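> Sharing a model that was predicted from the sequence below.
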Amino acid sequence: MRTSLNEIKEIDDHVLKQAAPDEALLFEAKLIINPELKYQVMWHKQTLSLVHQYGRNNLRAEIEAVHQKLFSQPEHEGFRQKIMRLFRKR
Amino acid sequence: MAHEIVFDKPATQREKLITELYKSAFPTVAKYVSKMGGSFDDAKDVFQDALVIYYEKAVNGGLSLQSSEKAYLLGIAKHLWFKKFRDGGNNLPLDNCIEGFEITDEADEQPSTNKLMRYLETAGKKCMELLSAFYYHKLPMKEVAGLFGYAGERSATVQKYKCIEKVRETVKEQSLAYEDFIE
């Protein structure tokens, strides 16, 4: 891998706390020597956070799609009625 | 590109899982919410949030095997309902309910997150799919490689770092642009 990708791997391992003890120590030292690295770590965390949000948004869409199916397709009529009965009495 | 088809496998599995959970646990949750005076939409909101929490716990290996999934979902749903009731609002602050996802909050504070997300959903879709398969759905790298058509784990891993680099550049540009803006 090229150097910049190796650096990303090091940051990723640091953020996910997956670095081996000696590598973790070395990375801590690099953080002190190189102030720019702190920013890289910050941006990396933001990137993973966005990826997490992206995955969650998609999961939500998948859940909603299942909901729509269950509450519209004829084969789920029994299930649908069972649920709707709970909310009809008031 | 044959992605769309192979892509489907984990998505199909998730659909199956979600459908099963809906069928087994939603009636109980709906009954509870109804008993507490909530509407169908309340039950739906609470249940869907509970599903997200359940899924994230499951992929992160945080589920205890002592209780059934149905009991677990009902437990989360009750907790969410209680929160909703107590806070009196309609918004469930989902992110605050889950431990161990502190990085999520950080991005939420970024005012440009939504704009960034919309951009990434289009321009960086392939990378976001690959990255979320690995970091969100926690699929093993070997499976990710197969899904996205890479020769092996190693080339998929290299691609993963390339994708991080690409997305990170966008994030960086955005946050620098924002800094300029507030100065």
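Noted; the coordinates are in hand. Keep in mind it's a predicted model, so treat the numbers as computed, not measured. Residues are numbered from 1 along each chain as shown, chains lettered A, B, ... in the order given.

> In contact with residue B:116, which residues?
Residues counted as contacts of residue B:116 (CB atoms under 8 Å, 6 or more residues apart in numbering or on different chains) are A:50, B:110, B:170, B:171, B:174. In this view, the C-beta of every residue, glycine as well, is placed from N, C-alpha and C.

> tell me which of the residues you listed is nearest to residue A:68?
The nearest member of the contacts of residue B:116 to residue A:68, counting by CB to CB, is residue A:50 at 26.8 Å.

> thought that closest one was touching residue B:168?
No. Assessed by CB atoms under 8 Å, residue A:50 is found out of contact with residue B:168, at 9.6 Å.

> more neighbours, the two?
The neighbour count for residue A:50 versus residue B:168, taken as other CB atoms under 10 Å in any protein chain shown, is higher for residue A:50 (26 against 20).

> That one: what secondary structure?
Following DSSP: H, G, I helix; E, B strand; the rest coil, the label given to residue A:50 is helix.

> where's it relative to residue A:32, distance?
Taking CB to CB, to the nearest Å as the measure, residue A:50 falls 28 Å from residue A:32.

> Which strand or helix spans the closest residue to residue A:67 other than its chain neighbours?
Excluding the flanking residues, the one nearest residue A:67 by CB to CB, 6 or more residues apart in numbering or on different chains is residue B:44, at 6.7 Å. Using DSSP states H and E, residue B:44 falls within helix B:40-59.

> which of the residues in that helix are buried?
B:40, B:42-57 (16 or more other CB atoms under 10 Å in any protein chain shown).

> starting at the chain centroid, how far to the helix or strand that contains residue A:68?
Element membership for residue A:68 (DSSP H and E) is helix A:35-70. A distance of 4 Å separates the centroid of the chain from that of helix A:35-70, by CA atoms, centre = their mean, to the nearest Å.

> and the angle for it with helix B:40-59?
On the basis of axes from the mean of the first three to the mean of the last three CA atoms, to 10 degrees, helix A:35-70 is oriented at 130 degrees to helix B:40-59.

> Beyond helix A:35-70, next helix or strand please.
Per DSSP H and E, the first helix or strand lying C-terminal to helix A:35-70 is helix A:77-88.

> any idea of the mean pLDDT in that next one?
For helix A:77-88, mean pLDDT is 94.

> Tell me, how many residues neighbour whatever residue of chain B ends up closest to chain A?
With CB to the nearest CB as the measure, residue B:136 is the residue of chain B nearest to chain A, at 2.7 Å. Applying other CB under 10 Å, we find 23 residues neighbouring residue B:136.

> excluding its backbone neighbours, what's nearest it?
Leaving aside its chain neighbours, residue B:136 sits nearest to residue A:55 (2.7 Å; criterion: CB to CB, 6+ apart).

> mind listing the strands for chain B?
Under the criterion DSSP state E, chain B carries no strands.

> where does it have its least confident helix or strand?
helix B:102-109 (a mean of 41; mean pLDDT, DSSP states H and E).

> picking that back up, can you convert the contacts of residue B:116 into TSV and add a column each for pLDDT?
As requested, the contacts of residue B:116 are exported to TSV (pLDDT from 0 to 100):
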residue	pLDDT
A:50	93
B:110	52
B:170	89
B:171	87
B:174	80
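
> Perfect, that will be all.
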